[in-house]
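Peer 1: Have a look at this prediction, sequence included:
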Amino acid sequence: MALPALCGSAVMIGASAKADFVSTWDTVANVRSAKAEFQAVGDTLTITLTNLTANPGSAADLLTRLQFQFTSGGPTTGSLTSSSGDEVSLAKVGGNTVATPGSSGVATGWNLSSSSGVLQLSMVGAPIAPKHGILGPAGSGGYYNNANPSLLGNHNPFLNGSATFVLNINGLANSGATISSATFIFNTEANISVDGKPGSNVIPEPSSVLMGGMALAALVGFSRFRRGRSA
């Protein structure tokens, strides 16, 4: 009777995979570009923040902040539960500027704050600053040869490409809110703000629909199996 166990397992997978919403935002065509994916499960909001600015030229190309808001009636505050990213440092080697990997899965050191309904994740103003800005991908040949001295000094180490933030947003699950705006901010001092545009808003996450369908199919199959045994 392995089938009942399999059926129960499918139901559990379908329940655990459910996301209340997945929302992706990225930048309109700009010199600097970035992407943020928001995934909500209950009151937990996971944000993956990525700098897409290739072959950066200076600290002004580092992604250092993200501002976002929920739709009307949604939460206006939250707390940062955890964050992580992989470190990388830039240095001159011969005639090229190369990236050297550092520690993996380190805490970003970023802060979460809120003001007038806008939540902000930021490296600026945090004890870790000016380190741990998010560095975009390399240029031709895998080198960062466009980098000026501001990327070779005390801004090292950076977070390599992306970082993940896990937030507790009290009341999010019951509010029915999703993300209404996202703004990407570059530079370690003066703000260089780039408005995001919604890429996709999925409710629920497609994988949870698929898992739910698999669970339902397993239940139907088991029901038919039981009827066949009793006939």
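Peer 2: All right, it came through fine.
Peer 1: Please count neighbours and contacts with C-alpha atoms only from this point.
Peer 2: OK.
Peer 1: what's the following helix or strand after the worst-scoring helix or strand of the chain on mean pLDDT?
Peer 2: Using mean pLDDT, DSSP states H and E, the weakest-scoring helix or strand in the chain turns out to be helix 2-16, at a mean of 37. Next in sequence after helix 2-16, counting helices and strands by DSSP states H and E, comes strand 21-27.
Peer 1: Give me the sheet partners of that following strand and which way each runs.
Peer 2: Based on DSSP bridges, the strands next to strand 21-27 in the sheet, each with its direction, are strand 34-41 (antiparallel), strand 192-202 (antiparallel).
Peer 1: Please identify the most buried of those strands.
Peer 2: Between the strands paired with strand 21-27, strand 34-41 has the highest mean count of neighbours, a mean of 22, where neighbours are mean count of other CA atoms under 10 Å.
Peer 1: Outside of that strand itself, list whatever touches it.
Peer 2: 18-27, 45-53, 63, 173, 179, 184, 196 (CA atoms under 8 Å, 6 or more residues apart in numbering).
Peer 1: residues contacting the residue sitting nearest the centre point of the chain?
Peer 2: Here the mean C-alpha position of the chain is nearest to the C-alpha of residue 48 (CA atoms, centre = their mean), at a distance of 0.8 Å. If you count contacts by CA under 8 Å, 6+ apart, residue 48 has them with 36, 37, 38, 162, 163, 164, 165.
Peer 1: Let me have the residues you listed in TSV, adding distance to residue 133 as columns.
Peer 2: Compiled in TSV, the contacts of residue 48 are given as follows (distance: CA to CA, whole Å):
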residue	distance to residue 133
36	15
37	18
38	19
162	10
163	10
164	13
165	14
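Peer 1: so the one helix or strand the residue nearest to the centre of the chain maps to versus strand 21-27, what angle?
Peer 2: With elements taken from DSSP H and E, the one containing residue 48 is strand 44-51. Strand 44-51 runs at 20 degrees relative to strand 21-27, counting by axes from the mean of the first three to the mean of the last three CA atoms, to 10 degrees.
Peer 1: Can you tell me the strand partners of strand 44-51 and which way each runs?
Peer 2: Based on DSSP bridges, the strands next to strand 44-51 in the sheet, each with its direction, are strand 34-41 (antiparallel), strand 158-168 (antiparallel).
Peer 1: Show me the domain layout of this structure.
Peer 2: 1-18+206-231, 20-203 (automatic domain parsing).
Peer 1: tell me the most buried of those domains?
Peer 2: Scoring the domains of the chain by mean neighbour count under mean count of other CA under 10 Å gives domain 20-203 as the most buried, with a mean of 19.
Peer 1: The residue nearest to the centre of the chain and residue 130: what is the separation?
Peer 2: Going from residue 48 to residue 130 by CA to CA, to the nearest Å gives 21 Å.
Peer 1: ranges for the strands of the protein?
Peer 2: For the chain, the strands defined by DSSP state E occupy 21-27, 34-41, 44-51, 63-70, 79-93, 96-101, 111-115, 118-122, 134-135, 158-168, 179-186, 192-202.
Peer 1: Tell me which of those sits nearest to residue 141.
Peer 2: strand 96-101 (9.9 Å; CA to CA).
Peer 1: how far off strand 79-93 does the closest one point, in degrees?
Peer 2: Compare the direction of strand 96-101 with that of strand 79-93 by the same axes, to 10 degrees and you get 140 degrees.
Peer 1: how about the CA coordinates for strand 96-101, as PDB?
Peer 2: What follows is strand 96-101, C-alpha atoms only, in PDB (Å, rounded to 0.1, in the frame of the first residue of the first chain):
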ATOM      1  CA  ASN A  96      43.500  44.000 -16.200                       C
ATOM      2  CA  THR A  97      41.100  44.500 -13.300                       C
ATOM      3  CA  VAL A  98      40.000  41.100 -12.100                       C
ATOM      4  CA  ALA A  99      37.400  39.800  -9.600                       C
ATOM      5  CA  THR A 100      38.500  37.500  -6.800                       C
ATOM      6  CA  PRO A 101      35.800  35.500  -5.000                       C
END
